[in-house]
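Asks: Fold the stuff below for me.
(2 chains)
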There are 2 protein chains.
Amino acid sequence: MTQPEQILGILGGGQLGRMLALAAATLGIRCHVFAPESDSPAFDVAAFRTAARYTDAEALARFAASVDVVTYEFENVPTETLDILQQTAPDVPVRPGRRALSITQDRLLEKAFITDQGLTTAPFADISRPAALEAALQSIGTPAILKTRRFGYDGKGQIKIASAQEGKAAWDALERQPAILEGFVPFVREVSVLVARTANGQSATYDVCENSHRNHILARTVLPANLSPASEAFARDAATLLAEALDYVGLMAVEMFVTEQGGRQDLVINEIAPRVHNSGHWTIEGADTSQFLQHVRAVMDLPLGATLRRHKVEMENLLGQDMDRVPALLAEPGAHLHLYGKLEARPGRKMGHVTRLLAK
Amino acid sequence: MTQPEQILGILGGGQLGRMLALAAATLGIRCHVFAPESDSPAFDVAAFRTAARYTDAEALARFAASVDVVTYEFENVPTETLDILQQTAPDVPVRPGRRALSITQDRLLEKAFITDQGLTTAPFADISRPAALEAALQSIGTPAILKTRRFGYDGKGQIKIASAQEGKAAWDALERQPAILEGFVPFVREVSVLVARTANGQSATYDVCENSHRNHILARTVLPANLSPASEAFARDAATLLAEALDYVGLMAVEMFVTEQGGRQDLVINEIAPRVHNSGHWTIEGADTSQFLQHVRAVMDLPLGATLRRHKVEMENLLGQDMDRVPALLAEPGAHLHLYGKLEARPGRKMGHVTRLLAK
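Replies: The predicted model follows:
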């Protein structure tokens, strides 16, 4: 049973941490948000707040001592942070765990892990020296994408290579960091699946959603996805399989490409986000349990909630340049507007989103 | 347009203030909660918190200086509090305004106001001395209910009088406070209507809900109410009329009795709650805009949201004695459980609620 005195620690103070804290509050769970920026959006809705660097051992020790469980809103939590937490509060679980983080923080390990499960990814190669890149460009062909192994999101840390001649410049542009080369997948659409799993192995998936991106940033999610029933089932099964194999606790998103050739639909796993995900914002109004509440339930050892979707749904991201649309969205009947309370609206910055429920 | 830097002040830190703050957060609006108890449930989700008495002039002045609008979660805000706010921050609107509060804080003024609008209430009489009670018991008859004019809620401050002989004892039991005698309404069911209104006169009602009480505390709300289409329309129109006549800004609830005689359905207005209301909790999942978000929209000068209901809904209150049902409710598919984060579960204390969406 949920204890009202239970406290969830959240590493990261952005909109995902904020929506996690809002969801936790519906079950009477108080949150302690730990984030470096003093104006973190999640601070505004958290019972307890620590503004400190992720490597501040003293602040982390106090944080860990004050909470029952630690989770995070972003996958690039420094390993040092986890080490400090482990040392100072070995009894406080960090969920999802270290294995999920270490694999998903590294594009090479992640791709290898996915193919180890018998699932398909884009063709890929480990690029740790220029010679490897040349060879990989030959075997994988172009167009291809060179990506840093670590710290990439929203298109950061990646460069498209149109022809083999561009290889060296791309490698230089990424500052010769350890990278992988990924072959281009001729996809007809992009989809993602949310899956949640508890420590005792209960799991639940949501309906597959279809995503469109602009400038590598998610622009729009719609449900249902344009997928065959077989592909829909396959996508959900694949996500569950990956969660099991990671011994995952919490909610994660699996991004996939859909290819179609000769009337056949295939799914290629793109990446795993070990956290609540932008493509899951539709669940706040569109599913019986939001992805945020589901994550809270999973990491707090509560049973998972129902994932039923009752309507067609569309979710649209609002970036800095979209903020002049807010008055119209506030006046639009049935538009569920979410603003994250960020004080500065820079172009490309995720400021909010809007969800619409449409007739089934 | 909503400014992310806008701050809403909330007087009162209970579950209603908490759910108001959670709703405000979805629009990026930060809340400053002012409440006497240091463990107020609303503090846990508010960006700013003041724990001070409602008559602490200095604390109120600091509070008022920090917010753009003041609202409240309970109708028994002391007049002194409003006076202090008015004096120290005359430019900060308090919504709903003084007129709505002064009328609804006093059962006699409230009943007179309602009948002045051409609507029906229970027969009532002003009881300020024992002789008045005797006369009123004669004209109104028994059974009847003696109620203090002020500070009543959830059945507090009222006594049922079964026969005229019990009058004096009832009057003594209420400590001879100014009271009203209300005739008994032979109702077949109780309903309520939520209505929201903005400063520029836009208004919106929700579908009528049907309520059942246990020990004078709301136990269960279901929608749709068992009402004729004509009564449903009348109820919504009556609520709108009352909001207009109060020049109301915000959301309010109007409780009504339904009587049936000779195949005819009539509505008798019971009381007006100048705030978000327990019978409106169903709107969180059951309507396109929750009552909490609607109230925030109204008091922050934003357009009202859609009030469409898409499903049959039932909402059940959870009191202290119901907390052992929490594990089962957490595991019930599709049950939307809300817990208010109260640390002590006393019998009769409102600890949470659960909402279920049923097929339409």
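
Asks: Relative to chain B, how far out is residue A:91?
Replies: Using CB to the nearest CB, to the nearest Å, residue A:91 is found at 23 Å from chain B. Placement of C-beta: from N, CA and C, glycine included.

Asks: do residue A:200 as well
Replies: As judged by CB to the nearest CB, residue A:200 and chain B stand 13 Å apart.

Asks: Over to that residue: give its phi and psi.
Replies: Residue A:200 adopts backbone torsions of phi -90, psi 10, taken as degrees, to the nearest 10.

Asks: Can you get me a residue count around it?
Replies: Residue A:200 has 8 neighbouring residues, counting by other CB atoms under 10 Å in any protein chain shown.

Asks: Up against chain B, what does the stretch 201-350 of chain A have?
Replies: Selection of the stretch 201-350 of chain A residues close to chain B by CB under 8 Å from any CB of the partner chain yields A:288, A:297, A:302-303, A:305-306, A:308, A:310-311, A:326-327, A:330-331, A:333-334, A:336-343.

Asks: I'd like to know which of these are buried.
Replies: Burial by neighbour count, judged by 16 or more other CB atoms under 10 Å in any protein chain shown, picks out A:288, A:297, A:302-303, A:305, A:310-311, A:326, A:330, A:334, A:336-342 from those.

Asks: Just the ones of the residues of the stretch 201-350 of chain A next to chain B in helices?
Replies: Counting by DSSP state H, those place A:297, A:326, A:327, A:330, A:331 in helices.

Asks: Dump those residues to TSV, plus pLDDT.
Replies: Listed next are those as TSV, based on pLDDT from 0 to 100:
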residue	pLDDT
A:297	98
A:326	96
A:327	95
A:330	96
A:331	95
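
Asks: CSV please, covering the residues you listed and showing distance to residue B:112.
Replies: Formatted as CSV, these follow (distance: CB to CB, whole Å):
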residue, distance to residue B:112
A:297, 50
A:326, 43
A:327, 41
A:330, 38
A:331, 37
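
Asks: Which two among these are spaced furthest apart?
Replies: Largest separation among those by CB to CB: A:297 and A:327, giving 35.8 Å.

Asks: In the stretch 1-150 of chain A, what residue lies closest to chain B?
Replies: The nearest approach of the stretch 1-150 of chain A to chain B comes at residue A:28, 3.4 Å away (CB to the nearest CB).

Asks: What's the local residue count around that residue?
Replies: Using other CB under 10 Å, residue A:28 is surrounded by 25 other residues.

Asks: which residues does the residue nearest to it when sequence neighbours are not counted bridge with?
Replies: Of all residues not flanking residue A:28 in the chain, residue B:339 sits nearest, at 3.4 Å (CB to CB, 6 or more residues apart in numbering or on different chains). Bridge pairing for residue B:339 (DSSP bridges) gives the partners residue A:27, residue B:352.

Asks: isn't residue B:339 right up against residue B:354?
Replies: No. The criterion here is CB atoms under 8 Å, and residue B:339 misses it with residue B:354 at 9.5 Å.

Asks: Now for residue A:345, how many residues are close by?
Replies: Neighbours of residue A:345 (other CB under 10 Å): 17.

Asks: Could you do residue A:199 as well?
Replies: 15.

Asks: Please report the number of neighbouring residues for the closest residue to it other than its chain neighbours.
Replies: Excluding its sequence neighbours, the residue lying closest to residue A:199 (CB to CB, 6+ apart) is residue A:249, at 5.0 Å. Applying other CB under 10 Å, we find 25 residues neighbouring residue A:249.

Asks: List the residues that contact residue A:249.
Replies: Contacts here follow CB atoms under 8 Å, 6 or more residues apart in numbering or on different chains; on that basis residue A:249 touches A:93, A:95, A:96, A:97, A:197, A:198, A:199, A:298, A:299.

Asks: Okay, helices next: where are they in the stretch 201-350 of chain A?
Replies: For the stretch 201-350 of chain A, the helices defined by DSSP state H, counting those that start in this stretch occupy A:229-245, A:283-286, A:291-299, A:326-331.

Asks: Please disregard the earlier target; I meant the stretch 51-200 of chain A.
Replies: Using DSSP H, counting those that start in this stretch, helices in the stretch 51-200 of chain A cover A:57-65, A:79-88, A:98-104, A:107-116, A:130-140, A:167-173.

Asks: possible to save these as JSON lines with mean neighbour count and mean pLDDT?
Replies: Formatted as JSON lines, the helices of the stretch 51-200 of chain A follow (neighbours: other CB atoms under 10 Å in any protein chain shown; pLDDT from 0 to 100):
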{"stretch": "helix A:57-65", "mean neighbour count": "18", "mean pLDDT": "97"}
{"stretch": "helix A:79-88", "mean neighbour count": "16", "mean pLDDT": "93"}
{"stretch": "helix A:98-104", "mean neighbour count": "18", "mean pLDDT": "92"}
{"stretch": "helix A:107-116", "mean neighbour count": "19", "mean pLDDT": "97"}
{"stretch": "helix A:130-140", "mean neighbour count": "16", "mean pLDDT": "90"}
{"stretch": "helix A:167-173", "mean neighbour count": "16", "mean pLDDT": "89"}
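
Asks: Pull the distance from stretch A:97-109 to the chain's centre.
Replies: On the basis of CA atoms, centre = their mean, to the nearest Å, stretch A:97-109 is displaced by 13 Å from the centre of the chain it belongs to.

Asks: typed the wrong thing, it's stretch A:64-73
Replies: 19 Å.

Asks: ok, residues contacting that stretch?
Replies: A:6-14, A:16-17, A:20, A:32, A:42, A:48, A:63, A:85, A:88-89, A:92-96, A:250, A:275-276, A:295, A:299-300.

Asks: what comes up buried for that stretch?
Replies: A:64, A:66, A:67, A:68, A:69, A:70, A:71, A:72, A:73.

Asks: For the last one, grab phi and psi.
Replies: What that stands for is residue A:73. When quoted as degrees, to the nearest 10, the phi and psi of residue A:73 stand at phi -110, psi 0.

Asks: Show the low-confidence segments of chain A, by residue range.
Replies: A:1-4, A:152-155, A:360 (pLDDT under 70).

Asks: Tell me how far residue A:161 lies from residue A:182.
Replies: Distance, residue A:161 to residue A:182, by CB to CB, to the nearest Å: 10 Å.
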